[in-house]
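> need a structure here:
(one chain, ligands or ions: 1)
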Amino acid sequence: MEKVYRAQPGDRPLDYPSLDVPFYKNATHAPEAEAAEKLASDPVVVVAASHIVAACGQLAASVHRPFFSLVEGAKAEHVTACLQYLEASNTVEILRAAGPEGMHVDDIAHRIGELSEANDASARVDGSKLSHILRLLATYHWLREVRPDVFANNRLSALVDSGKTPEELRAAPEKKYDGTDGLAAFVAMCGDEFFKSSAYMADALLPWTERATSLRKLSNKDGAGATSLTVREPKYETPFSFAFRTELGYFDWMELPENKGRLAEFGRAMTGARLWEVAENVVDSAAFPWNELPKDSVVIDVGGGVGSTSVVLANAYPHLRFVVEDRKQVVDIAPSIWGSTQHAELLASGRVSYLAQDFFQPQPPHIDIAGVGTVSFPSVYLVRGCTHNWPDRDVQRMLRLLRDSAGPTTKLLLVEVILPLACYDDTELEDAGAAPPLPGAERTLAPAGSPLLANLGKAHASEYLLDISMMAVLNAKERTLRELSTLALSAGWKVSRVTRAQGSLWAYTTAEPA
Ligand SMILES: C[S@@+](CC[C@H](N)C(=O)[O-])C[C@H]1O[C@@H](n2cnc3c(N)ncnc32)[C@H](O)[C@@H]1O
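Next up is the predicted model:
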């Protein structure tokens, strides 16, 4: 990292951004601060950083007194809860306005009450409690305690900043997430649906245990308002349904009128989730040899949302045609998302078009492409971010329907996290249809001869956390390469190649008709 930073031209050597200094996304920064932040995404820096994080995590686990590690793990929920509080109370925006000197907890508490919608006695915040919440966060480097009971933002808390001023938040609290990068909404969503669902994981997955049984009885009484034990026991199939006392799936539940705010927040939070893997990475010809596809080849972007991936690809590869398929309510509004200027030529020429198509229904028998004519099957089915949020049986159905309408040369490109094992992977995938060695499949992410965990442990913890979120809320999962290959094979697709973007667990997995 030092080599990369020192190699930059300029009078003074650049330094890696300091943890103590907030980098607000919508602020104007000194050119050096801008350059230093940008360099943090340099591939060499990213790889070095992941080795450092993996090593620090492993060292902490090695030398910390095991009982303290146990308490930290068993009580980790408090970090989530305090982060949720930090966001919900608008403390980050209040501290941004206070500047680097920070603000005393009593003043922060007063400001929180002032910004509240209620703005009456019910919105009074107890500064003596607030100081403890902020101190836990400061202990985890989420803030700084600059003097006793005086707190200031740092590089991490600045991530949760909505960019709105306290005055804007007071005037229009419902607009907090509008026009933001979605990270504040992401924290709000994680602290609510995901956090609460996770709390019920053991109860939902081990339903015969005494605690789970007694909980179901309690929730039966509460939920149905009945006291008789003859009332039907509710069918809670996921930790989420247990937590929210609903038999609806997550997305159906979100459509309830009382969840209007949550649904809007979800949309914003998904913008934040973009930081896991930007759509632009798909352009790399190492991810998929787009440049080798013949002119006017058709790519179907299955569950393509508003077409964020297709427009990036269409701009990079003008010889290709893209059809974005999604639910009717999404494709109906998709073109308007881009306004009248963004990607206007792509949409007007039909190089990118939209089709309302349920991915659990058969594909249309042929595709009409403006200026090209009727095509019986596409060159590529691109499926990005659409398998990790469905259980195996649904993904199998989705991929089988694509296989049924694929031609002999059609490729399937799955863009999803592929979870490495936490040990050296010495398995082969022949039984999952892939002849060894599968191009691009790695056995470890750790540098040769290093004692680090094969998946770089803490460096990639965020994707393993996402995996359990999928399980808790949607009965779904992030998959290992073996799981994804086996699932694809069960739907008639044979995995032939896999690549990763550097420093990311997102993978580009190509499969061909088996
Ligand atoms: C996580 S998003 C991924 C969007 C896009 N592929 C991307 O990478 O940004 C999942 C997409 O699946 C779509 N979807 C959900 N159920 C669907 C269905 N039954 N048929 C078609 N699309 C569906 C959603 O509307 C959403 O756009």
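> Enumerate residues external to the host helix or strand of residue 51 that contact any of its residues.
Residue 51 is located in helix 43-63, with elements delineated by DSSP states H and E. Applying CB atoms under 8 Å, 6 or more residues apart in numbering, the contact partners of helix 43-63 are 1, 3-5, 16, 39-40, 69, 446-447, 450-453, 456-461, 502-503. Bear in mind the C-beta positions are built from the backbone N, C-alpha and C, glycine included.
> Specify the next element, helix or strand, located C-terminal of it.
In N-to-C order, the element after helix 43-63 by DSSP H and E is helix 66-74.
> and the direction of that following helix versus that of helix 43-63, what angle?
Interaxial angle of helix 66-74 relative to helix 43-63 (axes from the mean of the first three to the mean of the last three CA atoms, to 10 degrees): 120 degrees.
> What's the mean pLDDT across helix 66-74?
Mean pLDDT, helix 66-74: 98.
> Does anything pack onto the helix or strand following it? Which helices or strands?
Note on helix 66-74: by DSSP H and E, the next helix or strand toward the C-terminus is helix 77-88. Other helices and strands packing on helix 77-88, by 3 or more CB pairs under 8 Å, 6 or more residues apart in numbering; DSSP states H and E, are helix 127-139, helix 183-189, helix 195-198.
> With mean pLDDT as added columns, please give these in TSV.
Putting the helices and strands packed on helix 77-88 into TSV (pLDDT from 0 to 100) gives the following:
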stretch	mean pLDDT
helix 127-139	97
helix 183-189	95
helix 195-198	97
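> Give me the PyMOL select line for the contacts of helix 43-63, limited to the buried ones.
Of those, the buried ones can be selected in PyMOL as follows, counting by 16 or more other CB atoms under 10 Å:
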select buried, resi 1+4+5+39+446+452+453+456+457+458+459+460+503
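> Quick check: which of the contacts of helix 43-63 are also close to the ligand?
Among the contacts of helix 43-63, proximity to the ligand is found for none (CB under 6 Å from any ligand atom).
> Restricted to helices, list the contacts of helix 43-63.
3, 4, 5, 39, 69, 461 (DSSP state H).
> shaky segments in this protein?
Applying pLDDT under 70 to the chain flags the ranges 118-119, 220-232.
> which residues of it fall in strands?
Counting by DSSP state E, the chain has strands at residues 103-104, 144-147, 150-152, 298-302, 321-326, 352-356, 367-369, 373-375, 380-384, 411-417, 493-500, 506-513.
> Buried ones in the fifth one, by neighbour count?
Looking back up the chat, that one is strand 321-326. Quick answer for strand 321-326 (16+ other CB under 10 Å): 321, 322, 323, 324, 325, 326.
> Present these as a markdown table; the columns should include distance to the ligand.
Compiled in a markdown table, those are given as follows (distance: CB to the nearest ligand atom, whole Å):
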| residue | distance to the ligand |
| --- | --- |
| 321 | 17 |
| 322 | 12 |
| 323 | 13 |
| 324 | 9 |
| 325 | 6 |
| 326 | 5 |
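> Of those, which is the nearest to residue 143?
Residue 143 lies nearest to residue 326 out of the buried residues of strand 321-326, by CB to CB, at 39.7 Å.
> I figured that closest one hits residue 358, correct?
No - the criterion here is CB atoms under 8 Å, and residue 326 misses it with residue 358 at 9.1 Å.
> tally of neighbours for residue 154?
23 (other CB atoms under 10 Å).
> same question, the one 3 residues further on
The local packing count at residue 157 equals 25, with neighbours defined by other CB under 10 Å.
> Then residue 11?
If you count neighbours by other CB under 10 Å, residue 11 ends up with 5.
> cool, residue 258 as well?
For residue 258, the neighbour count with other CB under 10 Å is 7.
> Closest residue of the stretch 401-514 of the chain to the ligand?
Closest approach between the stretch 401-514 of the chain and the ligand, counting by CB to the nearest ligand atom: residue 415, at 6.9 Å.
> Need the nearest residue in space to that residue, chain neighbours excluded.
residue 384 (3.9 Å; CB to CB, 6 or more residues apart in numbering).
> got a list of what that neighbour touches?
Shown in contact with residue 384 (CB under 8 Å, 6+ apart): 279, 282, 301, 303, 304, 309, 414, 415, 416.
> In contact with the last one, which residues?
To tie it back to what came earlier, the one meant is residue 416. With CB under 8 Å, 6+ apart, residue 416 has these contacts: 384, 385, 387, 388, 478, 479, 484, 506, 507, 509.
> Mind listing the residues bridging to the last one?
Going back to what we said before, that points to residue 509. Bridge pairing for residue 509 (DSSP bridges) gives the partners residue 414, residue 498.
> was I right about it contacting residue 413?
Yes - here residue 509 reaches residue 413: they are 7.3 Å apart, a contact under CB under 8 Å.
> Which of these two has more residues huddled nearby?
Of the pair residue 509 and residue 413, residue 509 is the one with more neighbours under other CB under 10 Å, namely 29 against 21.
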